[in-house]
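Q: Provided below for reference: sequence and predicted model.
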Amino acid sequence: MRPRDPGMTRTLDLPDGAIAFDITGDGPPLLLLHGFPQNRAMWRPIAAELARTYTVVAPDLRGYGDSFRPSRMEEMSFRAMGRDMIRLMAALGFDRFHLAGHDRGARTAHRVALDAPGAVATLAVMDIVPTHHLLSTITADVARAYYHWFFLAQPDPFPETLIGHDPDTYFERCLLGFGKAELSDFAPDLLAEYRRTWRDPASIRAMCHDYRAAIDVDMPHDAADLDRTVDCPALVLYGRDGAMARAMDVPATWAPRLSDMRHAALPGGHFFPDQHPEETAAALAAFLAAHPL
């Protein structure tokens, strides 16, 4: 079940619901996980480069894109998202794979590396610090840039109602609010894909549940794992002009959690994979080539 056509999209029924994914290329498996408020489309320019060497799988996380929409907050934890990804890759015949994620996808990837270390050959996280660290050491800069964490986590239906009146304005503001970015930085076809799925009220609710779960479910999970490290080769990428880089020393924050880490600052803000896909693909390609599966 590995089509070579870069336009091929599949949907796979998993125990909790259906996951939509793009798959392209041939070679060692590479799983790419998107973030908020996007979907799998964000990886298409990057996947086109990496598919020359790898079988690239880019799914929509549960609650996002064209994947199923859980109705309960507890079903939107990073552990639940990660479980989907392990099942998806196993169904495709991949019990071990390279793993990279941006934003919520990076948090899911980190959780997968902790929960299923035998499945993860390498880990790349983009423009995040560990969830527990972020939420337990809030700075003024983080509070201003990442206010959406606490807005979206408010009880249902308060944020859903406000966002639902004008989803494009709200989510486009999110694309511009975490560092240096303009709407013109986002490819028109990809932006159209983001708008298509974030306008769905069920998706809005699921995204809010994602942030509620970060506080109520993921924080306890992370607290239980504070002394654990990820031991596979790991790459930390972050936007040179992003809010995260201004607020924290990103590599130093990750260093105690990743036993075999390298890092790089890329041009752009939080959404540097959209702003600079060629540089992002090159950084990933160099890292993966140094750690073959």
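A: Everything's here; your move.
Q: list phi and psi for the closest residue to Leu237 other than its chain neighbours.
A: Of all residues not flanking Leu237 in the chain, Met126 sits nearest, at 4.7 Å (C-beta to C-beta, 6 or more residues apart in numbering). For the C-beta atoms, the positions are set from N, CA and C on the backbone; glycine is no exception. Phi and psi for Met126, reported as degrees, to the nearest 10, are phi -120, psi 120.
Q: surely Met126 touches Pro273?
A: Yes. Between Met126 and Pro273 there is a contact under C-beta atoms under 8 Å: 6.6 Å.
Q: anything in contact with each of these two?
A: By the contact definition C-beta atoms under 8 Å, 6 or more residues apart in numbering, Met126 and Pro273 are jointly contacted by His102, Thr280.
Q: any idea where the strands of the stretch 51-200 of the chain begin and end?
A: In the stretch 51-200 of the chain, the strands defined using DSSP state E, counting those that start in this stretch lie at 55-59, 97-102, 120-126.
Q: save those as TSV, and put in mean pLDDT too.
A: Rendered in TSV, the data for those read as follows (pLDDT from 0 to 100):
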stretch	mean pLDDT
strand 55-59	98
strand 97-102	99
strand 120-126	99
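Q: need the ones you listed in CSV (columns: mean neighbour count and distance to Pro45).
A: What follows is these, written out as CSV (neighbours: other C-beta atoms under 10 Å; distance: least, C-beta to C-beta, whole Å):
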stretch, mean neighbour count, distance to Pro45
strand 55-59, 27, 11
strand 97-102, 27, 13
strand 120-126, 25, 15
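Q: dump those strands to CSV, plus distance to Arg44.
A: Output for the strands of the stretch 51-200 of the chain, formatted as CSV (distance: least, C-beta to C-beta, whole Å):
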stretch, distance to Arg44
strand 55-59, 8
strand 97-102, 13
strand 120-126, 16
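Q: which of those strands sits closest to His148?
A: strand 97-102 (15.8 Å; C-beta to C-beta).
Q: mind listing what Thr108 touches?
A: Counted by C-beta under 8 Å, 6+ apart, Thr108 has contacts Leu33, Leu61, Phe78, Met81, Gly82, Met85, Gly101.
Q: which one of those residues is nearest Asp13?
A: Met85 (14.9 Å).
Q: does that closest one touch Val112 like I think?
A: Yes. Here Met85 lies in contact with Val112, judged by C-beta under 8 Å, at a distance of 6.0 Å.
Q: mind listing the helices for the stretch 51-200 of the chain?
A: 78-91, 104-115, 131-136, 140-145, 148-152, 158-164, 167-176, 188-198 (DSSP state H, counting those that start in this stretch).
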